[in-house]
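Colleague: need coordinates for the below:
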Amino acid sequence: MNVEIQGVLSEIIFKNDSNGYTVAIVETEEEQITVVGYMPIVNTGETFYFSGKWIKHPKFGEQLEIIAYKKIMPNTLEGIEKYLASGVIKGIGEKTAKKIVEQFGKDTLEMLEYTPHLLTKVSGIGQAKAQKIAESFKEQRELSDIILFLQEYGVTPKYAIKIHKKYKENTIQYIQENPYRLADDIFGIGFKIADAIAKRMGLDPTSPYRIMCGIKFVLTQYNLEGHTYTPREELIEEGAKTLEVKKELVEDALTQLALNNEIHLEKLEEKIVVFSMPYFYAESYVCKKLVGMAQVELEPISEDLDVEIKEIEENEAIILAQNQKEAVKEASKNGVVVITGGPGTGKTTTINSIIKMLERHNLSIALAAPTGRAAKRMSEATGREAKTIHRLLEYAYIDEEVGMNFGKNEEEPLSCDVIIIDEMSMVDITLMKGLLRSLLPGTRLILVGDVDQLPSVGPGNVLRDIIDSGMIKVVKLDKIFRQAQESMIIVNAHRINKGEYPYINKKEKDFYFIKKRTPEQVANTIKELCKERLPKFSSCDPIKNIQVLTPMKKGQVGMFQLNNALQEILNPPSSKKEERKMKDKIFRVGDKVMQMKNNYNLKWSTSDGEEGEGIFNGDFGYIQKIDQEEKEMMVLFDEEKLVTYDFSQLDELELAYCITIHKSQGSEFPIVVMPIFWGPPMLLTRNLLYTAVTRAKELVVMVGIEGSLKNMVDNYRVIRRNSGLGIRLERFLTENLIEF
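Modeller: Down below sits the predicted model:
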């Protein structure tokens, strides 16, 4: 229920200048109230109408969370003087405010708006200072008017600031002309918000602006599902349904978008398809660059690779399988090579042997992986530094116009002879384009990954497309080594991958299934396993060593509810532990959390004085401290990197006692616990199960219905991704197009 109050803002306790998030004290006629929310242009001494809802802070009690607010300009001499003296207008302090009000009285604010040149009548104010004061007053009134205008259409002050930064004094005019431009120009404002604004403004639902913006929205929804393109007829059908307009209008808008070069139409596999421009450019570039790298004739690094491989085997006390030796040879001879295989097939040994071979010939090597966790595992396996691909390519904020971008590209390429990328199944088409742009001709590119893992979260099907195209040299590792055969985790992973049911509950093994019939029973058993049975069985830390993986986010065995339940038993509330409520979740000192987006600007430091920047999507951490007064939370990542989060940044974190299987890609955990229950067949697939099982190093425990486990194994539904990379690569192969 919304609450409306009027009062004077007497104290600002906290303000984030970058986004306007504010905690302040407001004095009404009856009481003092704490207000919180996005209020970018508030100052002490000003009077406001506030609209919001009551929330309860665990430490500071009741607060009013602001949804909308409106400044009430003062109309008394005392009020006007206080307003000017508050610091809201640059160039005016207490003394100057007094002089101005003495000079102009109740006409002061009107003078500042319409005839500010008259300020020079006040002693101590020259022409330059008068202009500065006038510009500051105009900017304040302008932003205030814009916030008020946008609030009428449901736009929060947080987004109003972004819009004003983009359009300046033209904001209201531009939005009235075409509110759909917001979806293109303002990050965070999509079609739905723009459409809601347009409807409130009474715009025609058949407006070409609306339909073109809506088509791009529908196309983006397909991109979010992993597709780089959409069949034209399907897009028209879905566009008409979503926008509730005739198909003919969608067809006309689609044609106009193509003429505007905002989308790309192309014939693929005998049908017309539609690309968003970024994905068309990305696919075209990746195809062209891969073919170019594959066609480069490299000088042989050795006259007898077999002899050198034998020497490496002797030095390292290993025996390579035939396909491992083939991988070492092909990596030495080819500009691009793919090495793929499941768990226990010797990918790590193969990578290390390739590194040994190439370093023998003084070739410089860079190692990288898509996520921080995968890069860390790569470092541990090779004994060499490995970076995230984004870190390797120096991804950083360029400027307000460009935003985030890669520092390494054609103009500033990577200075290495060889680059090895692990966990390639996680690399989407956009990241692949960024990587290839940074490579000089003649650089060897070695791509390593398990093609049977889940595909990338972002659009594209890069690894599978490259393998299936036949254009790039591929070595498949398929021999399971003897020591790996002793692990039921690895044996069952390969059985699942082949469509065979896993062996369960074999004595003294590492793969167990506990049968339960209801969601309540499954959830309760998982809690019992994490709190008592598994720590007692394996002498492990239940928070650090056990990871619950689930196929879905919602429901009793979904991520959200399991996280809350596990937090309650593994890190319960305590008077000795500070906590912070964030929407529908609570962060508490001692909690296990995960970073949910790449943040390259987050600063970290270690106990021995090392400093750096960057915390990445999928990184795990533990809450060390919550400072309610400073509005900060400290999280320790990788057991050494301490990061301070402002409370306004906490939406970047999620509790991580339980995570989705999709989020587990690129990670390994000592013990994996997984609910197996009924769910949508589109979600509960064989390769999802395979991905979950291959995340465990020591033990897998599944809880639920055995029939659902068998259904997942039987469900070989690989959701087809519309991706043109494989088709483009095949064209080069069949048509022998090697000139660029």
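Colleague: any idea which helix or strand comes after the lengthiest helix in the chain?
Modeller: The longest helix of the chain (DSSP state H) is helix 127-151. Sequence order places helix 157-167 as the next helix or strand after helix 127-151, per DSSP states H and E.
Colleague: buried ones in that following helix?
Modeller: Residues of helix 157-167 classed as buried: 157-164, 166-167 (neighbour count, 16 or more other Cβ atoms under 10 Å). Quick note: C-beta positions are derived from backbone N, CA and C, even for glycine.
Colleague: and what of stretch 100-115?
Modeller: Buried residues in stretch 100-115, defined by neighbour count with 16+ other Cβ under 10 Å: 100-101, 103-104, 108-109, 111-112.
Colleague: equivalent analysis for stretch 571-587, please.
Modeller: Buried-residue list, stretch 571-587, by 16+ other Cβ under 10 Å: 571, 578-580, 585-587.
Colleague: and these as CSV, adding distance to Leu77, pLDDT and secondary structure?
Modeller: Converted to CSV, the buried residues of stretch 571-587 look like this (distance: Cβ to Cβ, whole Å; pLDDT from 0 to 100; DSSP: H, G, I helix; E, B strand; the rest coil):
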residue, distance to Leu77, pLDDT, secondary structure
Asn571, 57, 96, coil
Glu578, 47, 93, coil
Glu579, 48, 92, strand
Arg580, 44, 91, strand
Lys585, 49, 87, strand
Ile586, 49, 93, strand
Phe587, 48, 96, strand
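Colleague: so which of the residues you listed comes closest to Gly407?
Modeller: Phe587 (33.2 Å; Cβ to Cβ).
Colleague: which residues does the closest one bridge with?
Modeller: Beta-bridge pairing for Phe587 (DSSP bridges): Arg580.
Colleague: same question, Ala396
Modeller: Applying DSSP bridges to Ala396, the residues it is bridged with are Asn405.
Colleague: contacting residues for it?
Modeller: 404-405, 407, 600 (Cβ atoms under 8 Å, 6 or more residues apart in numbering).
Colleague: among those residues, name the buried ones.
Modeller: Tyr600.
Colleague: show me the strands in the stretch 151-300 of the chain, by range?
Modeller: Secondary structure of the stretch 151-300 of the chain (DSSP state E, counting those that start in this stretch): strands located at 229-231, 263-268, 271-276.
Colleague: what are the ranges of the strands in the stretch 501-650 of the chain?
Modeller: With DSSP E, counting those that start in this stretch as the criterion, the stretch 501-650 of the chain has strands spanning 511-515, 546-550, 579-582, 585-588, 592-595, 599-605, 611-615, 620-627, 632-637, 641-646.
Colleague: all helices of the stretch 151-300 of the chain, in order?
Modeller: 157-167, 171-177, 181-185, 191-201, 208-224, 232-243, 247-259, 277-295 (DSSP state H, counting those that start in this stretch).
Colleague: which parts of the shortest one are buried?
Modeller: Judged by neighbour count (16+ other Cβ under 10 Å), helix 181-185 contains these buried residues: 181-183.
Colleague: report how many residues lie close to the residue lying closest to Ser469 once chain neighbours are set aside.
Modeller: Leaving aside its chain neighbours, Ser469 sits nearest to Leu729 (3.6 Å; criterion: Cβ to Cβ, 6 or more residues apart in numbering). The tally of other residues near Leu729 (other Cβ atoms under 10 Å) stands at 24.
Colleague: distance check, Met357 against Arg377.
Modeller: 22 Å (Cβ to Cβ, to the nearest Å).
Colleague: in space, what's closest to Lys631 - neighbours in sequence excluded?
Modeller: Nearest non-adjacent residue to Lys631, counting by Cβ to Cβ, 6+ apart: Phe647, 4.3 Å away.
Colleague: between the two ends of stretch 487-507, how far is it?
Modeller: 12 Å (Cα to Cα, to the nearest Å).
Colleague: er, stretch 509-517 actually
Modeller: 24 Å.
Colleague: for the residue nearest to Glu579 when sequence neighbours are not counted, which residues are in contact?
Modeller: In space, and not counting its chain neighbours, Glu579 is closest to Arg588: 4.1 Å by Cβ to Cβ, 6+ apart. When contacts are counted by Cβ under 8 Å, 6+ apart, Arg588 touches 567, 571, 573, 577-580, 623, 626.
Colleague: which residue would you name as the spatial centre of the chain?
Modeller: Lys597 (3.3 Å; Cα atoms, centre = their mean).
Colleague: lowest average confidence, helix or strand, in this structure?
Modeller: helix 482-485 (a mean of 68; mean pLDDT, DSSP states H and E).
Colleague: where does pLDDT dip in the stretch 51-200 of the chain?
Modeller: By pLDDT under 70, the weakly predicted segments of the stretch 51-200 of the chain are 87, 157.
Colleague: run the last query once more with 80
Modeller: Residues of the stretch 51-200 of the chain meeting the criterion pLDDT under 80: 57-60, 71, 73-75, 79, 82-83, 86-88, 139-162, 165, 169, 187-188.
Colleague: against Val635, how distant is Leu690?
Modeller: Quick fix: residue 690 reads Tyr, not Leu. According to Cβ to Cβ, Tyr690 stands 31 Å off from Val635.
Colleague: need the contact list for the nearest residue to Gly724 once chain neighbours are set aside.
Modeller: Distances taken as Cβ to Cβ, 6+ apart place Glu283 nearest to Gly724, at 5.2 Å, with adjacent residues excluded. By Cβ under 8 Å, 6+ apart, the contact list for Glu283 reads 228, 275, 429, 460, 723-725, 728.
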